[in-house]
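> What follows is a protein structure lacking sequence information:
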């Protein structure tokens, strides 16, 4: 297929065109991967059938070998004929084996024993082998920025208004922590994905014809694959394991989106504290040659808007009538898109954050803007601590006076006779903060260090 | 690309494998289409530049001709180099024209003059040239079922419980009407999609350098394409036109899903009133050879669960900061998926409904089940109309008696002395309904006819 | 009930505490209103029963009068006993009338004839009598700001970066236009809400016992109320009318949210172009006495996040099995919350925008920041128009030189020998734009006027 | 306020009218509760201030005592005056204490130190003290049904079609397991809700004026309340803790909705395997006196449609600009509604399931319908196991023959000469299953026991 005949932007734009990304993702998330993993499950079944004495070693080996050569293309051709995907897969395996082995292909299994197990397995392996790597790389990038900028005093902002100072490193440490938690959750929920081999309605009806302990049979097959069964299953695994997994993926996307928004706003013309690196050959605007736009941050926010609403599908797929209806089948085929969406967005964020331009002069300039006013908080608290009965209101009036008269708050304070007795009681380091508000950063720097240290250790990076 | 390396199920499963569907859809919804339409817009611009005396006829013709040969592939190669999609497109056109024509490529335009206009145009043409056709075909299928089955008495069901009788045709007429309304809405909202040529911030800054009436210039270009401008635009067209269009598409999907659910439930083993046609070679279950499953109805419901939550992205894309931020860019690339989703689902429903198996015996058998009890409603109403002061409660007690004793409600009623005086007052046709509840179908048949006639006429089919 | 025992923030915070708002809203959106409107529908039924000769004028009058005195409280008490809301309502009416009139209460109707009709009616009247008034007031506020500020030159912003100039009035005109379209859509979709009187399964089964033309009977009742029937109904009105109405309400909310975001960002400390008015007694922060936060804009954005996802419920409520299941019953009770949410948010926005502080000095200061660079676009276009074959790239290089050297772009341009021949060809008014970029506002001012004029006329304000 | 003037159905219908439910819920979820918990946090702060030597014991005690008497009403009156909710709360406390104590009210805290901490605390306590109790009660109900019905053979259903047999107890055990997992998740995520005392931008700016170890100060306050801090916070706690909590609540709702759907469908007229208990005074339909509708199951499904989309708001609230913007403030006020929604729905389900009517005759009758065909699966598997090379296809043809001829599958099989050699190889218990398909229930019964035992133990019930 001509890639530009694709409809999905993932396929023609965000995934399929880069050979590297394609290689990483298609191993787990493409239709080729889907079928490859289903074949792995069929092979594991054959292996355990032999171990349990149901079929001969030869039969099992024939099946295992056949599973290595079946292709998506031929499965689809067979499915076009018989209108059943897993029976098509089974037929493709059967074609390759002897009459003796034929009966043991897919023996006692139902379609969703294969499909659910294969999906759990490939998502789990995708997380372990691919996704966690890029998540950790990005976490390392965040940690190195946080540590590097831990002392860079920056205006803290609430409501988009200057509040009290933080450091830029401290601001990034927020994401070190939130993203760290997300990595843990993704790993845990992926590891918690379940397989099943309990048959068409979950009561091990078919397997019970041959095994006294069909749950043991199920466990053995899943163990071959590195999985375990759910406490209960019907035709399908309880949907909450997958829901929780996708939840962890999408909540991680939200953290990315928040960081992207923070950076976009810091790149506003009037703020200019950070900027995406810009290559000289790059074009900022088709018509405004001077523009330097935060296009990557915008892209990540946009992708978040694409992918987070998909959680709604997963919630609806919790409902499957009786031992199951098939209305979660097509929908579950779209889950890989969500994983690919996070993957490409983390890669992008990592690329951009690694080269983020931090404009310390602008950071300082912006901080200076409201440096004087920032004194208001420590002043009111210190007054209160020293017994001023109405410090908050009193200081508020002084700030209004400062705004009206244009005099600095500090000046007004120092000349205010009512405050003298309280000011005099201040310890030198307290008074220093009133004079140098850039010192009023609390433990921003130390906290940054600790957060980074904590996550380095917890994630082993 | 190997199609099975695709991640999107649309590309590898629901769209890309069928040559017919692919041809229909890729003309409007693929990346090739996206770029082809952008080139159409650039060509229309050139044409109007000549008409307005800005460039020579030769220059315009050179550009128009160039626009016919640029390919997605080369645009992407250029974009990889300069990181700007529309500037890449422009460069590809420029490469093909003389030095004299070069300056007039994309003259005075901003990227989103091209992108917004091209998208509106291709979605509009997709609706007019492709989607409406399949919608109308499906509407015709529904109408023919409704008309054919207008007299097939069926148990009406509320709460999944037998209520009063309808006819199967009347039940289908519900969808004739709802789907008819959807077709109208899709056509209207597609026709209402807008283009723009108001420049980078919407104030016609660039165009004003050359035209006294830049809004006229915009109108002329859009007219070439069969579009009109919005009342106001910034860098982008007001997002509500696209939102309303996607809303119409998704609300149509909901009607499909409801029909699919109705049919699925009518196909339940215990009900068995309808069934999907089943080919003899088809496999119902990988393990239960006797199964005949409503897989197509299930598929449509599942696709609805995939696509309706995407409306959330469109709602979030209403927000674009100031004259626009780019966080709606990646997300708007996914809109064609929604259109493709509806298209394949309508096609599928049409295929299945066309061949739907209606089991009249089962319909009758089910109706007979509660035929006796159905009398309760007309009985209570006729009693009331004839002056019984407490008819609802009185009849309710009789139904309880019937359930307890096993006697038919009709028998109990006819033997109830208290009711005699009221029963005696009934007109013959009223009394007949108590005796033959299958006559208690109101105007089901006539209403079905009228609904079908109305929609045939309104839609010209 | 103690209002602070309420769980819903609407009830205890955003609605119930203000006597004015409560009066406006509770007339249509409270449970008292719900029942009052159901009684109106029962009364209309009685009236038409008399007109059609089914009951006497006295009976009808008794019922109509009874409908005026039934209260929500007693309906709920009766419902607690018999577990059916409409039967409870009916019993409450019946209690008040003579034995002769009793049978004609709710005669031939099913619950949802009453419920659907009453809801359509009260939402329609809420829109017409309350909501449209506040929407128009807000539109007037926007228009007056747009007209007042039509010449206030402001940096146009795309990607959060300064692009080309607009005027502040032009920026507000965007919302005049988008909000105007929303008002039209809300009015149209509210007017399009439908009633029904087609009985328990929609086939007019009961009404057919008495009327040859039960559709005429339905029309007459609905006409009494100012409504019309849908083309088809089952136990319920086709759900798409209500869906479209709620869609119009929620898409209007999105426009508010976008405006709120724009204003929030313009109020950022570094930008400071607008500010919410702040009362001197007001407290900005519990701990930072100097803060002036855009709390109202933030509130509106937050309310949008609360309400827009509720559209998902409406989409799911499109699905109702067969002649209807009841799974849309509880959910439809929450629709008034959405209407109340929009109402209080529009009121709030109107209050804030009416008193918005526009800081023209800051607007100017910010514009001056990038005034020089803004020249880049007209420059490249004028060069192109005068035959420069590579204007975009050439100008881009000059902007890079300007950034590197610190020289102004204008200076570099004027000293560039290569550009001389092109510059010399410029008309005086074109050259003036290069020298005074604040003139490069296109038709911002005129467009603002036209948009305002258009909407004044179209909305009759 | 007249409760029927409320807009929220929770307040006027599902919550406020029942004194018992109101008592349980308003302690944690009402506005009174919100403020009561904020006062608890202010009191804990005072206590620790004394312990740390910042204020005297008397001052602390005055504040603690004051916190016990402040009411929501007066806080709202003060807020109406000064437009800041927490400062209003603070003022109400201050009013009650001496000049000496005044400065230590809210000392060094920012509003969201109080708000976030109070919300985490009340939701956590709501779960521990109220919600878990009803969840466990319901789990017990499910377990007792599962155990009671573990041997009740029932048609297993996939795609709404009879598949292989299960037992009704086994079908309920699915929900024992899924609901059990939900309880664990809700408890864990509630216990994981975090508090904070890190000040206005999270860097402990104010607290650092007085404490060398402000994180220790934070820990001490939170410990008083039974909470712990997040690894990092800004003005607010990292939003993912609350998101995960609400996710657990909503995913539990999904399990309820699935059960409700299963029961609704089993109550269909044609299936009739279960039914909601119906009181004799109860009215099923306002017009059809004989109707017995699954209104409670329908209500639960409907409530799920109301509440699950609210997760979208939580995902959007992950984004808060820089050290925080306020756009998550109003929205977070709606979280208690979700908790109340789950609570009333679980209560309802428990009430209904406790009294669920199980119609064993219908269960049996339905099973008998397809008993013969059910043989198909074990037959094909046993043939395969005994070496039949093409068992699936062969059996499929026999089922078609059975459908065509009306002969039973069993009869056809027993008379099929080709099958003889395979049939003869079967063990007696295998052959018995072909003759008595009701034995083909796998380990349904044993599995049910195990699932119930497991959850009894794990949940300590």
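That came in fine, so what should we check first? Just so it is clear, the model here is predicted, and its values are computed rather than measured. Residues are numbered from 1 along each chain as shown, chains lettered A, B, ... in the order given.

> So, low pLDDT: which residues of chain A?
A:280-291 (pLDDT under 70).

> Can you give the domain ranges for it?
A:17-104, A:117-195+A:228-363, A:376-439 (automatic domain parsing).

> Strands along the stretch 301-450 of chain A, start to end?
With strands called from DSSP state E, counting those that start in this stretch, the stretch 301-450 of chain A shows them at A:357-358.

> For it, which residues are neighbours of chain C?
On the criterion C-beta under 8 Å from any C-beta of the partner chain, chain C has as its neighbours in the stretch 301-450 of chain A the residues A:312, A:316, A:366, A:369-370, A:373, A:376-377, A:380-381, A:392-393, A:395-396, A:399-400, A:409. Quick note: C-beta positions are derived from backbone N, CA and C, even for glycine.

> Derive a ChimeraX selection command for the buried subset of those.
A single ChimeraX command is used to select the members of those judged buried by 16 or more other C-beta atoms under 10 Å in any protein chain shown:
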select /A:312,316,366,370,373,376,377,380,381,392,395,396,399,409
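
> restrict the residues of the stretch 301-450 of chain A next to chain C to contacts with chain B.
Contacts with chain B within those, counted by C-beta under 8 Å from any C-beta: A:312, A:316.

> Residue A:356: how many residues sit nearby?
By other C-beta atoms under 10 Å in any protein chain shown, 18 other residues sit near residue A:356.

> Quick check: residues of the stretch 301-450 of chain A near chain B?
Selection of the stretch 301-450 of chain A residues close to chain B by C-beta under 8 Å from any C-beta yields A:301-303, A:305-306, A:309-310, A:312-313, A:316-317, A:325-331, A:333-334, A:336-337, A:340.

> Could you name the helices and strands sitting against the longest helix seen in chain A?
Using DSSP state H, we find that the single longest helix of chain A is helix A:240-266. Helix A:240-266 is packed against helix A:111-126, helix A:168-191, helix A:295-307, helix A:311-316, helix A:335-354, helix D:168-191, helix D:240-266, helix D:311-316, with contacts defined by 3 or more C-beta pairs under 8 Å, 6 or more residues apart in numbering or on different chains; DSSP states H and E.

> distance between the helix or strand harbouring residue A:35 and the chain's centre?
Using DSSP states H and E, residue A:35 falls within helix A:31-51. How far helix A:31-51 lies from its chain's middle: 29 Å, per C-alpha atoms, centre = their mean, to the nearest Å.

> quick one: is it near chain B?
Yes. Remark: helix A:31-51 sits within contact range of chain B at A:31, A:32, A:35, by C-beta under 8 Å from any C-beta.

> Sort out which residues of that helix are buried, please.
Judged by neighbour count (16+ other C-beta under 10 Å), helix A:31-51 contains these buried residues: A:31-50.

> again with stretch A:68-88
A:70, A:72, A:74-76, A:78-79, A:83-88.

> and it, how far apart are its ends?
The stretch stretch A:68-88 measures 16 Å between its terminal residues, going by C-alpha to C-alpha, to the nearest Å.

> Same question for stretch A:202-222.
Taking C-alpha to C-alpha, stretch A:202-222 runs 15 Å from one end to the other.

> Tell me the buried residues in it?
A:202-211, A:214-215, A:217-222.

> Those residues in helices, which ones?
Short answer: the buried residues of stretch A:202-222 in helices (DSSP H) are A:214, A:215, A:217, A:218, A:219, A:220, A:221, A:222.

> which of these lies closest to residue D:449?
Distance to residue D:449, by C-beta to C-beta, is smallest for residue A:215 among these, at 12.6 Å.

> Find the nearest non-adjacent residue to the residue of the stretch 51-200 of chain A found nearest chain C, please.
Nearest residue of the stretch 51-200 of chain A to chain C (C-beta to the nearest C-beta) works out as residue A:159 at 3.8 Å. Of all residues not flanking residue A:159 in the chain, residue C:293 sits nearest, at 3.8 Å (C-beta to C-beta, 6 or more residues apart in numbering or on different chains).

> before we move on, what about residue A:215?
In this structure, residue A:215 finds its nearest non-sequential neighbour in residue A:204, 6.9 Å apart by C-beta to C-beta, 6+ apart.

> Contact partners for the one you found?
Each residue near residue A:204 by C-beta atoms under 8 Å, 6 or more residues apart in numbering or on different chains is listed here: A:198, A:211, A:214, A:215, A:218, D:442, D:443, D:447.

> Between all of those, which two are at the greatest distance?
For these, and using C-beta to C-beta, no pair is farther apart than A:211 and D:447, which are 13.4 Å apart.

> quick one, what contacts the residue most central in space within chain A?
Nearest to the geometric centre of chain A sits residue A:252, at 3.1 Å (C-alpha atoms, centre = their mean). Counting by C-beta under 8 Å, 6+ apart, residue A:252 touches A:135, A:179, A:182, A:183, A:185, A:186, A:342.

> give me every residue that touches the nearest residue to residue A:416 once chain neighbours are set aside.
Spatial nearest neighbour of residue A:416, chain neighbours left out: residue A:398 (7.1 Å); criterion: C-beta to C-beta, 6+ apart. Applying C-beta under 8 Å, 6+ apart to residue A:398 gives the contacts A:376, A:409, A:412, A:413, A:416.

> Likewise for residue A:39?
Contacts of residue A:39 by C-beta under 8 Å, 6+ apart are A:67, A:68, A:70, A:89, A:93.
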